[in-house]
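Engineer: pasting the sequence and the predicted model now:
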Amino acid sequence: MGVVRNCIDIIGITPENELPDRINGQHIEASETENLLIDSNIKIKNIYQIIVHAEIKDTRVINTPLNRIVVIDGFKKFKIAYYDMDNNMGVIELNSPFNLFFDIESSAIETEKINLYIADTYFELLNYKILYCHIIYILDIHYFGDVRRNENEAYKNKKEELKEQILSEMSISKDIKRDFNETVEKNITFKNNLIDIDAEYL
């Protein structure tokens, strides 16, 4: 048994513990609504189970002056188990294309792989010919060479360099302050000695 939505057992929704738990490039949620048409020879009374599967067929890149748009061409399949008007059990299969997209701001970034997950679905039989379908997708996009990690490493290195520079300046300031204090202490001691001599002389 899968996940029950609107009294329909749906198989194909990704379990929550199998969804991506870290961002390797981009993490995008997208939704799609569609009315699936059923053959007029089939009279569906109610649906008790739907198996849904979605896969990526191809990707293409649109280059614009501001960014790059990656378009995903996909295909989804439905296996529907139902009861007809005479309470006889039947199974039909429906196929339908889908398209998603995402932006890449930097021309230096290349996608290594794209994982597609079905986060949730909802179905409702509007009449014996039309099945309403809503799907929420999650795109897990991996950048080639883990660009995000490299950027973080560069930031950390720059941060360490800046820290060392500040510490170095503080160290120099501390030496100057120490020399200044020693000079002041010597002058004060010398002045005090002069005062003491004058007092004794008087």
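Structural biologist: Structure's in. What do you need?

Engineer: so where do the helices sit in the protein?
Structural biologist: 147-201 (DSSP state H).

Engineer: low-confidence regions, the chain specifically.
Structural biologist: 1, 146-159, 163, 166-167, 169-202 (pLDDT under 70).

Engineer: beta partners for the residue most central in space within the chain?
Structural biologist: Against the mean C-alpha coordinate of the chain, by CA atoms, centre = their mean, the closest residue is residue 27 at 2.4 Å. Beta-bridge pairing for residue 27 (DSSP bridges): residue 140.

Engineer: show me what the nearest residue to residue 124 once chain neighbours are set aside is bridged to.
Structural biologist: Using CB to CB, 6 or more residues apart in numbering and skipping residues adjacent in sequence, the residue nearest residue 124 is residue 132, 4.4 Å away. (C-beta placed from N, C-alpha, C; glycine too.) For residue 132, the beta-bridge partners under DSSP bridges are residue 35, residue 124.

Engineer: hmm, residue 126 and residue 132 touching each other?
Structural biologist: Yes. In this structure, residue 132 is within contact of residue 126 by CB atoms under 8 Å, at 5.5 Å.

Engineer: and those two? Which one has more around it.
Structural biologist: residue 132 (14 against 10; other CB atoms under 10 Å).

Engineer: can you tell me which strand in the protein is longest?
Structural biologist: strand 44-63 (DSSP state E).

Engineer: OK, contacts around the residue nearest to residue 124?
Structural biologist: 33-36, 122-126 (CB atoms under 8 Å, 6 or more residues apart in numbering).
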